[in-house]
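J.: Predicted model, plus sequence, below.
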Amino acid sequence: MIEIANLCRANDIPVILIMWPCLYNQKETGDYLPPYKSLIMEASVRSYAHSIDLTPFFENAPEPIFLDRVHATPAGYRIVAETLAAYLKESQWLPIQQL
């Protein structure tokens with residue numbers, strides 16, 4: 001992952017590493033992938049890539065947002081799309097217009 005991010009940076013391609021939540025049950029709080037998150041954060045720091053943790057955006061969402069332990073429902077993917085769009089707009093990476 002670090003090599004990919006470094007290759008992108010060397011070619012002026014922006015990189016965002018995403019920390020995907022894995023919530024087994026929306027009524028339970030917490031994320032079940034702390035080692036994964038640590039690796040993403042380390043890769044982000046070592047490659048100077050941006051990173052975003054989607055977990056907080058999922059924790060307060062109405063159910064159902066997961067089809068299984070990892071894959072989101074359309075409502076879950078909407079959260080991802082809206083979160084990333086806001087991040088890209090805030091970072092001024094893309095001139096996103098409101099439809």
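T.: That came through fine.
J.: Please enumerate the helices of this protein.
T.: 2-10, 34-47, 55-59, 74-90 (DSSP state H).
J.: how about the ones you listed, which one is nearest Ile16?
T.: helix 74-90 (7.3 Å; C-beta to C-beta). All C-beta spots, glycine's among them, are computed from the backbone N, C-alpha and C.
J.: In this protein, where is pLDDT below threshold?
T.: 23-34, 95-99 (pLDDT under 70).
J.: deepest of the helices of the chain, which one?
T.: The highest mean neighbour count among those, using mean count of other C-beta atoms under 10 Å, belongs to helix 55-59: a mean of 16.
J.: Output the contacting helices and strands for it.
T.: The contact analysis (3 or more C-beta pairs under 8 Å, 6 or more residues apart in numbering; DSSP states H and E) places helix 55-59 against helix 74-90.
J.: what does the helix it packs on rub up against?
T.: Residues outside helix 74-90 that contact it (C-beta atoms under 8 Å, 6 or more residues apart in numbering): 16, 18, 52, 54, 57-58, 61-62, 64-66, 72, 94-96.
J.: nearest spatial neighbour of the residue positioned nearest the centre of the chain, skipping sequence neighbours?
T.: Nearest to the mean C-alpha position of the chain, by C-alpha atoms, centre = their mean, lies Ile18 at 3.2 Å. Among residues not flanking Ile18 along the chain, Ile52 sits closest, at 5.8 Å (C-beta to C-beta, 6 or more residues apart in numbering).
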